[in-house]
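Participant: prediction below, plus the sequence it came from.
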Amino acid sequence: MTRAHVITGSFGAGKTTAIRHLMARKPVDELWVVILNEFSAAGIDALTVAQDASGAFEVRLVAGGCLCCVGELEFAKQLRDILRNLKPTRLLIEPSGAGHAADIVDVLCQYEAQGALQLEGVICLIDPTDVARIFATRPVREWSQIQSADVLLLSKPDLAGVAERDTFRAIAAEQYPAKSWLGECSRGAVPPAAWHRQPRLARFSLLQANAEAAAERALPFALHGLAGREVHVEQLGLHAVQWLLPRELTFARSILEPRLGWLIDAYGGFARRMKGVFRTGPGPSLLAQLSSHGLSIEDSAHRLDSRVEVVLSAPPGEEFLDRWREMLREAANL
Ligand SMILES: Nc1nc2c(ncn2[C@@H]2O[C@H](COP(=O)(O)OP(=O)(O)OP(=O)(O)O)[C@@H](O)[C@H]2O)c(=O)[nH]1
Ligand SMILES: [Mg+2]
């Protein structure tokens, strides 16, 4: 089955350099296809991206500002043709710096659900000369490229000083769910561990310090016949419950928003922290967080699944668990 990789990042972050590096290491007997979404139709990158590749490859160009908007039909057409007729071993996709990474991830996940490909990972490159601006102003497109990625890599490490590395780590620390890999990418050299299939199994991200010491118990939790999990964690005197729900489910904002607020008010005394990201349909997901400042709700570009975690200072009682399960059941749609 075709293994697909997405390499995102803002303008000039080093995406094509990374793909060129990967292409140069492609086994000679494998067919690899690259889809480049260049902002202009000049096709400059298309000429060089495979210059060091050996054996069979193909480079397809989709011109336009955003693979999923301007070039939507073209992208879908190319993808269908590639998967049906070429069946490459690997498919590398570079959305333009102006692209909506989350929508591309959605399209690839749909193909994955049909068994037509396996999405190995979404890598977002962050240029050290951009980190301060991205962290301070959170531009929608760039923040969404970061949110929809499995892996964050600081590109051009030769240009990064202590401040840029600190800001890169600060951006990573804010992400929910936590990224599966963080690292650097020098002159396109994507670290092998970042490039291989990323585990999408949730890792508990709110109690992650000293993870070995955690006691964990997973229970099945199905909604509309789709298997999810409810996991209870106890660590260092704190208790946490997380629900992990498959990406096929969407959740009604009109139920989630008031009910989350109600649950927090009713059980706020011992809920120390809560984070949840829920798919709500084709658009942005809903990211809810409870911190010392109270409950906040915003959009997120995370599209891979839905999950929520609550950290408590006492073991969760049955009534508390039932209220949460009930809310998830009522808000979930197929
Ligand atoms: N100093 C330095 N420059 C690098 C590194 N990696 C890539 N570059 C340079 O960064 C520039 C942009 O690299 P590209 O790979 O074209 O970036 P891109 O993300 O594909 O750019 P767009 O497609 O235009 O958005 C090029 O001049 C690269 O040579 C690195 O590790 N260090
Ligand atoms: Mg490029």
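Facilitator: Sure, I can see it. Keep in mind that what you see is a predicted model, and the values were worked out from it rather than measured. Residues are numbered from 1 along each chain as shown. Ligands and ions are numbered 1, 2, ... in the order given.

Participant: show me what contacts Asp29?
Facilitator: Contact partners of Asp29, counting by CB atoms under 8 Å, 6 or more residues apart in numbering, are Gly55. Bear in mind the C-beta positions are built from the backbone N, C-alpha and C, glycine included.

Participant: swap that for Phe221, sorry
Facilitator: Under the criterion of CB under 8 Å, 6+ apart, the neighbours of Phe221 are 228-230, 243, 245, 325.

Participant: try it again with 6 Å
Facilitator: Applying CB atoms under 6 Å, 6 or more residues apart in numbering, one finds that Phe221 lies in contact with 228-230.

Participant: cool, and Trp181?
Facilitator: Trp181 makes contact with 151, 194, according to CB under 6 Å, 6+ apart.

Participant: could you check the pLDDT of the nearest residue to Glu184 once chain neighbours are set aside?
Facilitator: Nearest residue to Glu184 in three dimensions, chain neighbours excluded: Pro157, at 4.4 Å (CB to CB, 6 or more residues apart in numbering). As summarised for this prediction, Pro157 has a pLDDT of 97.

Participant: give the buried residues for whichever strand or helix holds Phe320.
Facilitator: Element membership for Phe320, per DSSP states H and E: helix 318-331. Of the residues in helix 318-331, those scored as buried under the neighbour-count criterion (16 or more other CB atoms under 10 Å) are 320-321, 323-324, 327-328, 331.

Participant: got phi/psi on the closest residue to Lys179 other than its chain neighbours?
Facilitator: Of all residues not flanking Lys179 in the chain, Leu152 sits nearest, at 5.2 Å (CB to CB, 6+ apart). Here the main-chain torsion angles of Leu152 (degrees, to the nearest 10) amount to phi -120, psi 130.

Participant: residue contacts, Leu152?
Facilitator: With contacts defined as CB under 6 Å, 6+ apart, the neighbours of Leu152 are 124, 172, 179, 182.

Participant: what about the first one, neighbour count?
Facilitator: By that I understand Cys124. Taking other CB atoms under 10 Å as the neighbour definition, Cys124 ends up with a count of 26.

Participant: do you know how far it is from ligand 1?
Facilitator: Taking CB to the nearest ligand atom, to the nearest Å as the measure, Cys124 and ligand 1 are separated by 11 Å.

Participant: equivalent analysis for the last one, please.
Facilitator: Leu182 sits at a distance of 17 Å from ligand 1 (criterion: CB to the nearest ligand atom).

Participant: now do the SS call for that residue.
Facilitator: Three-state secondary structure (criterion: DSSP: H, G, I helix; E, B strand; the rest coil) places Leu182 in strand.

Participant: residue contacts, it?
Facilitator: Shown here is Leu182, whose contacts under the criterion CB under 6 Å, 6+ apart are 152, 172.

Participant: where does it land on pLDDT?
Facilitator: The confidence metric pLDDT takes the value 94 at Leu182.

Participant: which positions are bridged to it in the beta structure?
Facilitator: Leu182 has the following beta-bridge partners by DSSP bridges: Leu152.

Participant: what number of residues lie near the residue of the stretch 201-334 of the chain found nearest ligand 1?
Facilitator: Of the stretch 201-334 of the chain, the residue with the smallest distance to ligand 1, taken as CB to the nearest ligand atom, is Ala301 at 18.2 Å. Ala301 is surrounded by 24 other residues when neighbours are defined as other CB under 10 Å.
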